[in-house]
Each structure stands twice: as C-alpha cells, then as structure tokens.
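# Predicted coordinates and the sequence they were generated for:
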Amino acid sequence: MLKRTFDIFSSLIGLIILSPFLFIISLLILITSRGGIFYHQVRVGKNGKDFHLWKFRTMKTDSDKHGLLTVGGRDARITGIGYFLRKYKIDELPQLINVLFGDMSLVGPRPEVRKYVNMYTPEQLHVLDVQPGITDYASIEYSNENDLLAKSSDPEKTYIDEVMPAKLKLNMKYIAEKSFGTDLKIIFRTIGKII
C-alpha cells in the first residue's frame, strides 16, 4: 500500500513539475524527425498481463521491424535527438504515465517483450509476481547494455544467453530484498548513475 501511494504521488508530481520540459522534448522530436512523439510497445507485466509501455520516440518509424534490440550507442535507426534522450534516460519519462495508471511501479524488474518472456525458466517467471518498474538493480548494472551487445557478433544470442539471465538474477535479488527502503536506495543510485 505504501509503495502504490508513493508511486501515485511521485508520478503525478513528476508529470506536473516536468510538464514544460516534456512539452519542449515533444516539440523537438516532432521538428527533428518524421513520425509521432511517443513510441509504445507491448510488454509483459505483473502476473503475465500485457500492457503498453510508453517512451519518447528515439528511433525512425517502424525501426522495431528490423529487430527488438538496440545495438551500440550509434545504432543507425536512432534519430539525432534520440541519442541525447537515450543517453540521459529522458526517453523513459513517459513511463510515469504507466506508473500513475498502475501498469508499472517506479522500482521493479524491467518489463520484457513476450518473445523473451517465453524463454524464461519456471524459476525466472517469478519476476512476474511483482509489478514491473522504470528502474531496478539490472537497469543500473546494465546501463551500457547497448554498447555491450555492439561488441558481439550475434547480439541477440548474447542477450539471450548472457545478458538476460544475469538481469533476471538481479531481478530475483530485488524481489528477495523488496522493501520501501530498497526502492529509495535504487532510485537514488539510478539518479546518481544518470548524473
């Protein structure tokens, strides 16, 4: 109950305070590249329920048809403003709407697409027992995931065999330690990482 109250209060205040900044970002996206302001993708949430995750659009339209993974800091599909938004995690800010509506929490395992969730072991599926979040231990540890995959000759295989299991192990660590204090610690560590 405390977690949900904190999520509602924080996301609402965040959206109100950041609204002028979000408006400017929206205009920059519209002016500098063709397509809409937002990108939404179906992700798997708590108890395996699908929901639409919202982000600022950082790629050219229909880029996900060429693969779900972003490879390297200079993926050719990323727009000019998109590099800046991704570097400082600004593209994630619309997920405050997901938090407000209850699809996500500020802190929790990052939601995955169905394709990769279908590869989870029975043990790994326990990450779906909790609300997914904007940030978690794995987000902090793998903030350079795109660059890591860029070094691989087969990025998707590297993601499935190495990155995804490691991130899921960190997700399980979060679930084991889950508390309001842990959430605050992860929020401050995330802010520190971005800065």
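On my side now, so go ahead.
# Please name the residues that touch residue 90.
25, 56, 84 (C-beta atoms under 8 Å, 6 or more residues apart in numbering). All C-beta atoms are positioned from the backbone trio N, CA, C, and that covers glycine.
# which of those residues tops the neighbour count?
Neighbour counts for those peak at residue 56, which has 23 neighbours (criterion: other C-beta atoms under 10 Å).
# ok, back up a step: save the contacts of residue 90 as CSV, and put in secondary structure and pLDDT too.
Listed next are the contacts of residue 90 as CSV, based on DSSP: H, G, I helix; E, B strand; the rest coil; pLDDT from 0 to 100:
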residue, secondary structure, pLDDT
25, helix, 97
56, strand, 97
84, helix, 91
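# Closest one to residue 114 out of these, please.
residue 56 (22.7 Å; C-beta to C-beta).
# I'd say that closest one and residue 85 touch.
Yes - with contact defined as C-beta atoms under 8 Å, residue 56 reaches residue 85; the gap is 5.6 Å.
# tell me, what's touching the two both at once?
Common neighbours of residue 56 and residue 85 (C-beta under 8 Å, 6+ apart) are 25, 91.
# Which of the helices or strands spans residue 41?
strand 38-44 (DSSP states H and E).
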